[in-house]
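**Q** My questions are about this predicted structure, shown below with the sequence.
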Amino acid sequence: MEKADFSEALQDLRALPLSTTINGLLGTLLHPQPEVRWLGITACGILIGDLARIDMESARRSIRRQLWNLTEESGGCAIGAPELIAEALANDENLAREFSPSFTSHIMPEGNYLDFIPLQTGVVWGLGRLAKTYPEFLKSSVSYLEPLLESEDKAIRGMSAYAIGLIQPDFNSSQLEAIVKDESKIQIFLNLKLTEISIHDLCLQPIPELKVN
């Protein structure tokens with residue numbers, strides 16, 4: 001999908017009642033087609049950001065519901081929840097300020113650490129997404145991202161390096177230096193597309209995220 005097409009579809013969604021539309025889009029988190037799932041996450045996150053500017057408490061409830069889905073107690077399916085939380089936080093400064101610590105806690109061993117690889121990947125992707133707009137709220141995450149540079153999962157290694165570079169550009173370590181040279185390819189959602197890119201290119205040539213006003 002081109003940006004113009006997505007922007008047009010988004011404007012149509014914005015003409016509908018926000019809370020109802022957000023709830024409807026939640027179904028896309030489990031869509032079998034990855035492209036549809038990611039576009040749904042993007043649109044839903046943007047709309048939660050919109051909601052925060054007119055009804056902050058309702059937006060908070062949306063974020064808390066997704067955070068709850070990430071707990072064992074919820075008993076629900078949390079696939080897509082980290083990505084949606086991050087997209088929403090990236091679209092509203094107040095949400096980002098309030099919920100960045102809770103979101104970051106999911107890579108903290110003493111916090112709400114997620115060891116299920118798909119969810120951990122979602123959180124690390126989310127930190128990179130949020131770092132594109134509000135890196136100042138993620139300074140404390142760097143020390144927790146650093147150990148993930150040694151993950152057995154190449155996507156987690158690459159996305160962790162990418163996020164660190166956005167949050168703390170002057171960060172340096174032997175692990176990071178090694179990863180920046182890694183030509184392994186990973187799949188990542190950037191700029192409205194599922195993109196296959198080498199870790200080297202991801203770290204050195206960040207691709208701009210979608211900006212929709």
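**A** Yes, it's here.
**Q** Please count neighbours and contacts with C-alpha atoms only from this point.
**A** OK.
**Q** list the buried ones in stretch 141-151?
**A** By 16 or more other C-alpha atoms under 10 Å, the buried positions in stretch 141-151 come out as 141-142, 144-146, 148-150.
**Q** Revised request: answer the last question for stretch 96-114.
**A** Result for stretch 96-114 [16+ other C-alpha under 10 Å]: buried residues 96, 99-100, 103-107, 113-114.
**Q** closest to Glu83 among these?
**A** The nearest member of the buried residues of stretch 96-114 to Glu83, counting by C-alpha to C-alpha, is Phe103 at 10.4 Å.
**Q** Tell me the pLDDT of that closest one.
**A** In this model, Phe103 is scored at 98, pLDDT.
**Q** what sits against it?
**A** 67, 82, 85-86, 123 (C-alpha atoms under 8 Å, 6 or more residues apart in numbering).
**Q** do Gly111 as well
**A** Contacts of Gly111 by C-alpha under 8 Å, 6+ apart are Ser105.
**Q** tell me the secondary structure for it?
**A** At Gly111 the chain is in coil, as set by DSSP: H, G, I helix; E, B strand; the rest coil.
**Q** quick one: the helices in the protein?
**A** Remark: helices assigned in the chain by DSSP state H are 3-14, 18-25, 34-52, 56-69, 81-90, 93-104, 117-131, 142-145, 154-167, 174-180, 199-204.
**Q** Can you lay out these as TSV showing distance to Gly75?
**A** Putting those into TSV (distance: least, C-alpha to C-alpha, whole Å) gives the following:
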stretch	distance to Gly75
helix 3-14	30
helix 18-25	19
helix 34-52	21
helix 56-69	8
helix 81-90	14
helix 93-104	19
helix 117-131	15
helix 142-145	26
helix 154-167	25
helix 174-180	36
helix 199-204	34
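**Q** got the buried residues for stretch 157-170?
**A** 157-168.
**Q** Name the helix or strand of the chain that has the lowest mean pLDDT.
**A** helix 174-180 (a mean of 83; mean pLDDT, DSSP states H and E).
**Q** I'd guessed Ile164 sits against Pro147; true?
**A** No. Here Ile164 does not reach Pro147: they are 11.4 Å apart, not a contact under C-alpha atoms under 8 Å.
**Q** what packs against the least confident helix or strand of the chain?
**A** Helix 174-180 is packed against helix 154-167, helix 199-204, with contacts defined by 3 or more C-alpha pairs under 8 Å, 6 or more residues apart in numbering; DSSP states H and E.
**Q** Quick one: distance of it to the chain centre.
**A** 23 Å (C-alpha atoms, centre = their mean, to the nearest Å).
**Q** how near is the residue nearest to Gly126 when sequence neighbours are not counted to Glu152?
**A** Distance criterion C-alpha to C-alpha, 6 or more residues apart in numbering; nearest residue to Gly126, sequence neighbours excluded, is Ala86 at 4.8 Å. Ala86 sits at a distance of 24 Å from Glu152 (criterion: C-alpha to C-alpha, to the nearest Å).
**Q** I'm done for today, thanks for sticking with me.
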